[in-house]
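S.K.: sequence unknown, structure follows:
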Ligand code: KIV
Ligand code: ZN
């Protein structure tokens, strides 16, 4: 008989640990609602002790998502666990996820503790979680580089003190598939009491093996997979939820497992997470990349025209991609616009619809046809509510061969126009320097990327930048058919986020 695999979604916790990523409480709530539609079993909503915004996100999600388990992360100490317990107070099904390292490398270099001390902390911490809930998940961090016998001892202590889920993280994404599934088998055979727990797997993707390791592990007894939308997470990320779900669905007869994931919600979920995090999906990404269902080679196209089964193992409709090729333009009405956005997974409030419709109209005026990628770019880059302390009024560029680039920028602050002019190493550098003079915020540019979001010479350019201010990294986004304007908007957007962070 086919067996259920529980899906533990960590998009809002490990996913949000991806470099430069920051989601507001409101954005996390929006993603949590979509995860509810996707029908994951557990939503790990955050790490409450780490920041007020993480604490608030766990609290708010606990209040409104009643039919899913809500998990909160806590290191193995009372302060973390109490914060997690407090944030989960209103949850219908709270899970405290507590963890401590088990590898000698971490014990020596990070914790500076002996194996015995760490076992004592494990016992005390799991016991502390019971003050708040019986649903306790215990993770042995860096499990795959740990001594197996020590790991057995640690898990037995966790079980004895009340852990119901035992998580085996491949924290550094080092394990090979057979090694990892071998470890799960070893634990299944050696940990006393393991039969009364659920074994969970949490694989990182440093060597591109996160999904393969997770799938092999269920053959040896794991029954929960921890994963994230679009595979986002620390460093190279976590196992991608869409890949896990589609592997188990497409190959269900061979694997004999199922999940409760509503795979028709996958495209929408992926779009929403990409939009709110600014982490765009690579075109060749399995399942949700924009090329996942495109056929380029003549022989493939010929086969597809004869019968789709020749080159397609999945249908775009399966993951909720609509077959509609509806193109919107400057004559399209608001109703058609909103309907298309809903099909793409975006449920905007009135103010956001207003703003995005305005942007859509002005782009349609310049560009003509607006396709789905253009629409996603508008939402991803310019629609979300963020207070505009600084608002671009105008810019002029002087640039060319043998000319020192000069940018003049005008920015509105509280309705008053401030102007500045600056030289630079190219028009973008000159513009950023002019903006710095106006905002008086000092920043380091950490990352700058530009992507054409649609085809053709008039394609929209989406600029994503990461800047740091006092050690805190923020993301800024901007779009335009003019890449200099897109860059200036992205920079100002990041400046606005810095001010917003300072105020909250
Ligand atoms: O990768 C990891 O080890 C983690 C733990 C907190 C489970 O994210
Ligand atoms: Zn992790």
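M.R.: Received it, and whenever you're ready, just let me know what you need. Given the structure is predicted, the values throughout are model-derived calculations rather than measurements. Ligands and ions are numbered 1, 2, ... in the order given.
S.K.: State whether residue 442 and residue 435 are indeed in contact, as I suppose.
M.R.: No - using CB atoms under 8 Å, residue 442 is not in contact with residue 435, being 11.8 Å away. In this view, the C-beta of every residue, glycine as well, is placed from N, C-alpha and C.
S.K.: between the two, who's got more neighbours?
M.R.: Neighbours per residue (other CB atoms under 10 Å) separate residue 442 from residue 435, with residue 435 holding more: 25 against 10.
S.K.: Could you check how far the more buried one is from residue 418?
M.R.: For residue 435, the distance to residue 418 equals 10 Å [CB to CB, to the nearest Å].
S.K.: Mutual contacts of these two, please.
M.R.: Residues touching both residue 435 and residue 418 comprise residue 411, with contact defined as CB atoms under 8 Å, 6 or more residues apart in numbering.
S.K.: For this structure, name the helix or strand with the lowest mean pLDDT.
M.R.: Ranking every helix and strand in the chain by mean pLDDT, DSSP states H and E puts helix 298-306 at the bottom, with a mean of 69.
S.K.: Just after it, pick out the following helix or strand.
M.R.: Next helix or strand after helix 298-306 toward the C-terminus (DSSP states H and E): helix 334-343.
S.K.: quick one: pLDDT of the nearest residue to residue 53 once chain neighbours are set aside?
M.R.: Spatial nearest neighbour of residue 53, chain neighbours left out: residue 25 (5.8 Å); criterion: CB to CB, 6 or more residues apart in numbering. The model reports residue 25 with a pLDDT of 92.
S.K.: same check, this time on the one 10 residues further on
M.R.: Confidence at residue 35, expressed as pLDDT, is 98.
S.K.: Ramachandran angles for it?
M.R.: Taking degrees, to the nearest 10, you get phi -60, psi -30 for the backbone angles of residue 35.
S.K.: who's in contact with the residue nearest to residue 53?
M.R.: 53, 56, 57, 60 are the contacts of residue 25 under CB under 8 Å, 6+ apart.
S.K.: quick check, the second one in a helix?
M.R.: Right, residue 56. Yes - per DSSP: H, G, I helix; E, B strand; the rest coil, residue 56 lies within a helix segment.
S.K.: Could you check how many residues crowd around it?
M.R.: Residue 56, neighbours per other CB under 10 Å, totals 18.
S.K.: Ok, the last one next?
M.R.: Residues within reach of residue 60, counting by other CB under 10 Å, total 18.
S.K.: mind checking how far it is from residue 260?
M.R.: Where residue 260 is concerned, residue 60 sits at a distance of 24 Å (CB to CB).
S.K.: ditto for residue 102
M.R.: Distance from residue 102 to residue 260, by CB to CB: 31 Å.
S.K.: For this structure, which residues are neighbours of ligand 1?
M.R.: 14, 99, 139, 141, 167, 169, 171, 202, 204 (CB under 6 Å from any ligand atom).
S.K.: Setting aside sequence neighbours, what's the nearest residue to the first one?
M.R.: The one in question is residue 14. Per CB to CB, 6+ apart, closest to residue 14 is residue 233, 4.3 Å.
S.K.: domain assignment for the chain?
M.R.: 3-277, 293-322, 325-384, 391-503 (automatic domain parsing).
S.K.: Pull out the buried positions in the helix ranked longest in the chain.
M.R.: With residue count as the measure and DSSP state H as the assignment, the chain has helix 483-503 as its longest helix. Neighbour counts over helix 483-503 (16 or more other CB atoms under 10 Å) mark 483-499 as buried.
S.K.: for stretch 5-19, same thing?
M.R.: 5-18.
S.K.: likewise stretch 35-47?
M.R.: 35, 36, 38, 39, 40, 41, 42, 43, 44, 45, 46, 47.
S.K.: Just list the residues touching the second one, thanks.
M.R.: For residue 36, the contacting residues are 43, 65, 67, 68, taking CB under 8 Å, 6+ apart as the criterion.
S.K.: where does it land in three-state SS?
M.R.: helix.
S.K.: Going forward, the N-terminal residue is numbered 627.
M.R.: Got it, first residue is 627 now, which makes that one residue 662.
S.K.: Tell me how many other residues surround the residue nearest to residue 640.
M.R.: Around residue 859 there are 28 residues (other CB under 10 Å).
S.K.: Likewise for residue 730?
M.R.: Residue 730 has 14 nearby residues by other CB under 10 Å.
S.K.: Quick check, it in contact with residue 768.
M.R.: No - using CB under 8 Å, residue 730 is not in contact with residue 768, being 9.3 Å away.
S.K.: what's the residue nearest to residue 640 sitting at in phi/psi?
M.R.: phi 160, psi -180.
S.K.: ok, it - contacts?
M.R.: 636, 640, 641, 643, 644, 830, 831.
S.K.: again with residue 629
M.R.: If you count contacts by CB under 8 Å, 6+ apart, then residue 629 has 849, 882, 883, 884 around it.
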